[in-house]
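> Predicted structure and sequence below. I'll ask about it afterward.
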Number of protein chains: 2
Amino acid sequence: MSSAQNSLSFLALGGINEIGKNMYVIQYGEDMVVVDCGAKFSEHNILGVDLIIPDMSYLLEHQEKVKALIVTHGHEDHIGGIPYFLKKLNIPVYATSFTLGLIETKLKEHKILRESELHIITADSEITLGEMSVSFFRVSHSIPDCLGIVFDTPEGKVVHTGDFKFDLTPVNDQSSDIHKMAKMGDEGVLALISESTNAERPGMTPSEMLVGAHLEEAFLRAKQKIFISTFASNVNRVQQVVDACIRTNRKLALLGRSMVNVVQVARERGYLQMPDWMLVNARDVHEIPSERIAILCTGSQGEPLAALSRLSTNSNRDVKVHPGDTVILAASPIPGNEKDVSRVVDNLFRLGAHVIYGSASITGMHVSGHGYQEDLKLMLTLMKPKFFIPIHGEYRMLHIHRQLAETIGVEKDNTFILRNGDVVDIQDGTARQTRQVSAGDTYVDGYGIGEVGQVVLRDRKQLSEDGMLVIVVTVSKTDASLISAPEIISRGFVYAKDAEELMTTLADVVKETIENFKEPNIFAMKQALKKAVGQYISTHTKRKPLLLPIIIEF
Amino acid sequence: MSSAQNSLSFLALGGINEIGKNMYVIQYGEDMVVVDCGAKFSEHNILGVDLIIPDMSYLLEHQEKVKALIVTHGHEDHIGGIPYFLKKLNIPVYATSFTLGLIETKLKEHKILRESELHIITADSEITLGEMSVSFFRVSHSIPDCLGIVFDTPEGKVVHTGDFKFDLTPVNDQSSDIHKMAKMGDEGVLALISESTNAERPGMTPSEMLVGAHLEEAFLRAKQKIFISTFASNVNRVQQVVDACIRTNRKLALLGRSMVNVVQVARERGYLQMPDWMLVNARDVHEIPSERIAILCTGSQGEPLAALSRLSTNSNRDVKVHPGDTVILAASPIPGNEKDVSRVVDNLFRLGAHVIYGSASITGMHVSGHGYQEDLKLMLTLMKPKFFIPIHGEYRMLHIHRQLAETIGVEKDNTFILRNGDVVDIQDGTARQTRQVSAGDTYVDGYGIGEVGQVVLRDRKQLSEDGMLVIVVTVSKTDASLISAPEIISRGFVYAKDAEELMTTLADVVKETIENFKEPNIFAMKQALKKAVGQYISTHTKRKPLLLPIIIEF
């Protein structure tokens, strides 16, 4: 169960076979470094689960070895789990200034900012952790200040790309440092750990700059208010909205808490150039001529409580969408969000707005932050790794990423397609996938209680599909005879009035079941009731409501 | 409330602001004709709702006027509600032979085939219903034998397009009858009622024939078994799979109940040309060399219980996917199904299959059955209607369809964008949208009970998100004093062991609440418990479980 002595290991606690909750570990000898600690939103959100974070029990078991958390960039799937992690294991955190700004906001909300140990790094930093020397390189992505990481160990160099694309005409100088990467490749890379999000898409990711041109065109055409919705964290896109406002002489209002937060962090730390005169309070928008104002808002994914969704039903107190206004959705729907986005677009059309939405390849209002196939091949070409571990993707993406690696000369057997929890050990130039450590989903639900278990979710699922029946029976302590008629209460099953006959028959089934007992045995009676009532309901309605027998003795 | 005498009316009971459960009514004087009676699958399926059908109460209230149901084609969103409708109102049904074949299968399942009155029609049929003369015209779509409908009334001609595209090189001669449409337009069309599904997509829908070419290419390349998954009802695509098998000397096995059913109906009624030697039983697939067999299966939408999904986890008893086999997904994911489809693709890659999937514009393995913008404009151009009612689409599609109609000369005020239940009355050449009749969703859940109400769904939603607490209290009949300690049982809320403290405190809250009563008042006690316990839980856990107090008097 213990790791090999003085060998190099890589393992994933999250981020494999999923998009979300990235968390990886590099270990050399007795030192572990954690890369990223993300969260993902739950597909079970209808079951009341808010957030999923990685199962961190492996790290807690080896906590004396865990030396640092290094964060590649500030997206939720890389930082969302940090407060929960630090509460259990308070280790030093290393990240760039912008990334740390976003992390600090979270730690403040969780009231643990003061006791956290945060270190600002840049692409030129170097950190020594045990026998590992850790350095960095700039990568382009859809959020400022992103890093790739180089772990220089006695066994060789391991490179973790972070999330990246190669944007050769980036906004705000956020370009990938190709020269540094080329030098690393020349010096020799033992293992490359690279993200795979867009491995299915042929070609090269378009440059962020293209969005600017389309934004400006739309701004020039608009005769009234312009609403633009995008990811708040995409500061470079926000910069282009600001630039379009300057060129077309419009002021800008911000709607949505995360938009206001991120713009503040970005301005304070120098990632967003925005003149003071430009910013208008949402309350004052109505005082400005409609052709002189733009509104930048959250909600590009159709989130029901976000600004754009509220605007689409005209439920924002301060700002209204009027017929003839322009609304730009400067983001593509993330898979799973299509229906929510469509609902918002429908409502905006109902208000008479001119809506620019749909496929980014037609509107030009969005580009991806993740490299397409040619970007991934360029990274592999620059690094020339011996071993390759595709991460950050569902299985088909990892599979295709391996095929891409083969085309640039990585041997098929030298690529490792892992599952969360899988460990690759490298010793004396040989890599082997051997062990499995515990890994999985930890559900976070609400504030008060903490984590939700699988049993609770299974019950919720059953309750949600077929509802429940409570069966109340009072029996004599002496001979188990019924003291009063059984009471049956249903919720989420059927209308009692629709099913009076069913309820009457069920009461008979309950009675007969209890009459078989000559002395009270609560456990046996409950089992017998569940079986008899369950079978009757299943036969007559094809349903399986949750059954809850309550037996009271007197 | 009653309709105007001898006027022409159109109303929608389903199909507007949604894709699904199409049901429209044309009325002249005292005669109503229903067009289509569809179902849709529920977004609430996690709440145990299987199917949604239109609220038909308006028709039942006026049942003496309802003369016939005419069905344009055999897709679920046009026929899925028919058994439920006929059970309540047994009127004559008119449809083409293929469509009737699919309807009969449904009526058999619901055991009402014998008493139903079914009439086969063709594009050349004419039916007289009161003062209306009803005729038909052929349209292309993604299922055989589709019709548009012409209602010739004293007020003028109303044309309902059904679902259509203009496929100029169709498979199996399923082309739209452009000449007949042109003649209708020349003679004068008062109102056009046209489907809007693809109103957002520029250009003209590609021809089904293109899929055939790509299929054949993939068949020629494959060295082992080929699996093809598509919609069973797309018989013309099935024909192209059959043709590819013939040209590459493969036999064909069918997997999935609906695939077997539809192929049988299609062959019996002459819509599918398939030699007898070709068909192989799934049990015998393993006896045939892998380069001589193809398997046509259901499950292109990633449905967890369908054939492709089961194949992807190798849980089909008879047929296995082996490394090197080819799997073709000859269908695009319907919005909302993307994640299910991705899961199946992931699993197929895990089995080592070569999977052809993803955007139809890249794979060429799918074309839509619904007309794009140029198809819709061609229909409008041929018909030259005075009034226009876009149907069969979400709001933005109807909105864009109106804009398209404007571009070919329909006056903006002559287009009516309705909601389900809205009525357009036409009298003396003037159309007005005036009344609203009851329309909405009727939920169908399981077999035994029939319909599910909104209250039941609301309960299920609450149960699914936060679970429930049952509070059992036994009190004295005389002074309401507690006879035993309150019992609190939770399901889907929190683990009792995680929350022992919470449960203990809640028992105290219950005790205190009951002790305030000096005599038993069951209703008031329940209300008081709900309030006290609900507030405590909400403050301390931010949750709102369903609370079910049970009070027993002795």
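Thanks, I have it. Numbers count the residues shown, from 1 in each chain, chains lettered A, B, ... in the order given.
> Could you report the neighbour count for the residue in chain A positioned nearest to chain B?
Here the residue of chain A nearest chain B is A:Ser464; by CB to the nearest CB that distance is 3.0 Å. All C-beta spots, glycine's among them, are computed from the backbone N, C-alpha and C. If you count neighbours by other CB atoms under 10 Å in any protein chain shown, A:Ser464 ends up with 26.
> Now it. Its backbone dihedrals?
Main-chain dihedrals, A:Ser464, degrees, to the nearest 10: phi -70, psi -30.
> For A:Asp459, see how far away the residue lying closest to it once chain neighbours are set aside is.
Spatial nearest neighbour of A:Ser464, excluding adjacent residues (CB to CB, 6 or more residues apart in numbering or on different chains): B:Ser464 at 3.0 Å. Counting by CB to CB, to the nearest Å, the separation of B:Ser464 from A:Asp459 is 10 Å.
> Tell me if A:Arg435 really is in a strand.
Yes: judged by DSSP: H, G, I helix; E, B strand; the rest coil, A:Arg435 forms part of a strand.
> Quick check, pLDDT for it.
pLDDT recorded at A:Arg435 is 91.
> Please name the bridge partners of the closest residue to it other than its chain neighbours.
Nearest non-adjacent residue to A:Arg435, counting by CB to CB, 6+ apart: A:Val423, 4.4 Å away. Beta bridges link A:Val423 to A:Leu11, judged by DSSP bridges.
> what about A:Val423, how many neighbours?
Neighbour tally, A:Val423, other CB under 10 Å: 21.
> and it, what does it touch?
Neighbouring residues of A:Val423 by CB atoms under 8 Å, 6 or more residues apart in numbering or on different chains: A:3, A:9-11, A:433-437.
> Present these as TSV; the columns should include neighbour count.
TSV is the format used below for the contacts of A:Val423 (neighbours: other CB atoms under 10 Å in any protein chain shown):
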residue	neighbour count
A:Ser3	20
A:Ser9	23
A:Phe10	26
A:Leu11	24
A:Gln433	16
A:Thr434	12
A:Arg435	16
A:Gln436	13
A:Val437	21
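> Low-confidence stretches in chain A?
For chain A, applying pLDDT under 70 flags the ranges A:1-5, A:42-49, A:445-454, A:495-498.
> shared neighbours of B:Ser464 and A:Asp459, which are they?
B:Gly492.
> For the lengthiest helix in chain A, what is the distance to the chain centroid?
For chain A, the longest helix by residue count, based on DSSP state H, is helix A:522-541. Between the centre of helix A:522-541 and the centre of its chain there are 41 Å (CA atoms, centre = their mean, to the nearest Å).
> neighbouring contacts of that helix?
When contacts are defined by CB under 8 Å, 6+ apart, helix A:522-541 is touched by residues A:469, A:471, A:473, A:475, A:480, A:494, A:502, A:505-506, A:509-510, A:512-514, A:516-517, A:543-545, A:547, A:549, A:551, A:553, B:446-449.
> Within its sheet, name the partner strands of the helix or strand immediately after it in the chain and how each one runs.
Using DSSP states H and E, the next helix or strand after helix A:522-541 towards the C-terminus is strand A:546-553. Sheet pairing here is set by DSSP bridges, and for strand A:546-553 it gives strand A:468-475 (parallel).
> tally of neighbours for the nearest residue to A:Leu89 once chain neighbours are set aside?
Residue nearest to A:Leu89 in three dimensions, not counting chain neighbours: A:Gln63, with 5.4 Å by CB to CB, 6+ apart. Around A:Gln63 there are 13 other residues, counting by other CB under 10 Å.
> same check, this time on A:Ile53
Residues contacting A:Ile53 under the criterion other CB under 10 Å number 25.
> Over to A:Glu519?
Neighbour count of A:Glu519, defined by other CB under 10 Å: 11.
> which non-adjacent residue is nearest it?
A:Ala480 (5.4 Å).
> where's that neighbour, which helix or strand?
Using DSSP H and E, A:Ala480 falls outside every helix and strand.
> Contact partners for it?
By CB under 8 Å, 6+ apart, the contact set of A:Ala480 is A:514, A:517-521, A:525.
> Highest neighbour count among those?
Within these, A:Ile514 tops the neighbour count with 23 neighbours, counted by other CB under 10 Å.
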